[in-house]
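In: Predicted coordinates and the sequence they were generated for:
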Amino acid sequence: WVKRGYAAISIAVEGQTDEPLDCVRPKENMFYESTAQPGPRRHGVYRDWREPIVDHWMFHAVADTILARSLLADSRHVDPTKIGLMGISWGGIVACTVAGIVGRSTLFSHVIPAYGCGRLAAAQSQMGHALKENILYQILWDPCLYLSRAVIPSLWLSSPDDPKFPLDGFLTSSSMIGGPVMLSIIPNLGHGHEPIWNRPESYVFSENIWSQSDNPSEAKKCWSKEISCEVFRSETNLLTGKLLFYTAIPFQYAKLIWSPDSDDSWAESRGWRYSDAQLTSSDTSDTVNADAVIPEEAKAWLINFYTVDRGDGELVVSSSYMTAKQYLQ
């Protein structure tokens, strides 16, 4: 973000400095010296549930995120109406939690969770295995408890084959937020900070939000939006998905992303496959239709739209997530 001319804070959410404990092999060491008052470090997956709430790692991560926003806003070089919130992996969980807790506040212009999400106690992954009996997470720290209170625009970035945060829980979380939503589900993305930083979606989304009017009476909107979605049997009895999308940036092609495995499958072993979808023009220049034949063995699917490469890669916009249970009962 700084290389693109923005002010940014990356929070050391475990109270660490950038000084590695192992000075001989710093690149191989994942542990760092603490500040004078570091607060708690993250203990596994919400394994600090026996501690008082004020000693929970997530309590401090949420509080420090809000404090970091205040620090940015106090700078004369920063427009306080244009401070976004983004988190990757565990940072995505924190971003979801903060967005929901601050609710209708205008502290943040928008939020971008990458990978991390809510509904993790039900996840078919190691996260779900760790949380399935953690009642405190389910009644206090699940971001889905709060996301409906958030009304800011959001971009949700992940991959269909992410091993830690299964797609059904990620997209369930996105459906719960109260503001405008964009999805970007990128095949073979990998998991980590650099795969997200190196893609253009978060920057284009943020710049579009910041370019819009600051008038509180004018709601901000995403640069692309799903208008309608239907699944039906064609005249030749083929299962067909049909979408209508608004977009301010033209799409050049589309792909069907589908899985022969259900949401009950373990995330790391779930298979995903890809086939072409057809783009056709619609009644207006800023809307587009997409049609795709859905294989009979598909248990879940979505359609991805791809823009032209504008110099830093194609932008990916995803449709809502659909399952055979929804349409074939």
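Out: The structure has been received and is ready for your questions. Numbering: from 1, shown residues only.
In: residues of stretch 307-327 that come out buried?
Out: 307, 314, 315, 316, 317, 318, 319, 321, 322, 324 (16 or more other C-beta atoms under 10 Å). All C-beta spots, glycine's among them, are computed from the backbone N, C-alpha and C.
In: how distant is that stretch from the center of its chain?
Out: Remark: stretch 307-327 is offset 13 Å from the chain centroid, using C-alpha atoms, centre = their mean, to the nearest Å.
In: now swap in stretch 193-200 and tell me
Out: 13 Å.
In: residues in contact with it?
Out: 88, 89, 114, 157, 186, 189, 202, 310, 312, 313, 315 (C-beta atoms under 8 Å, 6 or more residues apart in numbering).
In: Okay, buried residues for that stretch please.
Out: Neighbour-count burial for stretch 193-200 [16+ other C-beta under 10 Å]: 195, 196, 199, 200.
In: from the contacts of stretch 193-200, which two are the most distant?
Out: Pairwise distances among the contacts of stretch 193-200 were taken by C-beta to C-beta; the largest, 27.0 Å, belongs to 89 and 310.
In: Okay, now the unreliable bits of the stretch 1-150 of the chain?
Out: 23-30 (pLDDT under 70).
In: show me where it has strands.
Out: Using DSSP state E, counting those that start in this stretch, the strands of the stretch 1-150 of the chain run over 16-20, 32-34, 85-88, 111-114.
In: List the pairing partners of the third one within its sheet, with orientation.
Out: In this case it means strand 85-88. Its sheet considered, strand 85-88 pairs with strand 111-114 (parallel) by DSSP bridges.
In: show me what contacts the residue most central in space within the chain?
Out: What sits nearest the mean C-alpha location of the chain, by C-alpha atoms, centre = their mean, is residue 156, with 2.7 Å. Taking C-beta under 8 Å, 6+ apart, we find residue 156 in contact with 112, 113, 114, 117, 170, 171, 173, 174, 181, 182, 183, 184.
In: what's the answer for residue 239, then?
Out: Counted by C-beta under 8 Å, 6+ apart, residue 239 has contacts 231, 232, 233, 293, 294, 295, 296, 298, 327, 328.
In: export those residues to a markdown table and tack on secondary structure and pLDDT?
Out: Compiled in a markdown table, the contacts of residue 239 are given as follows (DSSP: H, G, I helix; E, B strand; the rest coil; pLDDT from 0 to 100):
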| residue | secondary structure | pLDDT |
| --- | --- | --- |
| 231 | strand | 88 |
| 232 | strand | 88 |
| 233 | strand | 86 |
| 293 | strand | 94 |
| 294 | coil | 93 |
| 295 | coil | 93 |
| 296 | coil | 91 |
| 298 | coil | 94 |
| 327 | helix | 67 |
| 328 | coil | 63 |
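In: can I get those in TSV with distance to residue 257?
Out: Listed next are those as TSV, based on distance: C-beta to C-beta, whole Å:
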residue	distance to residue 257
231	15
232	19
233	21
293	14
294	11
295	12
296	17
298	10
327	16
328	18
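In: Among those, name the buried ones.
Out: Using 16+ other C-beta under 10 Å, the buried ones in the contacts of residue 239 are 231, 293, 294, 298.
In: do you know how far the last one is from residue 319?
Out: According to C-beta to C-beta, to the nearest Å, residue 298 stands 14 Å off from residue 319.
In: now, which of the buried ones among the contacts of residue 239 sits nearest residue 39?
Out: residue 298 (46.2 Å).
In: tell me the secondary structure for the closest residue to that closest one other than its chain neighbours?
Out: Nearest residue to residue 298 in three dimensions, chain neighbours excluded: residue 258, at 4.3 Å (C-beta to C-beta, 6 or more residues apart in numbering). Under DSSP: H, G, I helix; E, B strand; the rest coil, the three-state class of residue 258 is strand.
In: and residue 258, what does it touch?
Out: Here residue 258 is in contact with 272, 273, 274, 275, 294, 295, 298, 300, 301, 302 (C-beta under 8 Å, 6+ apart).
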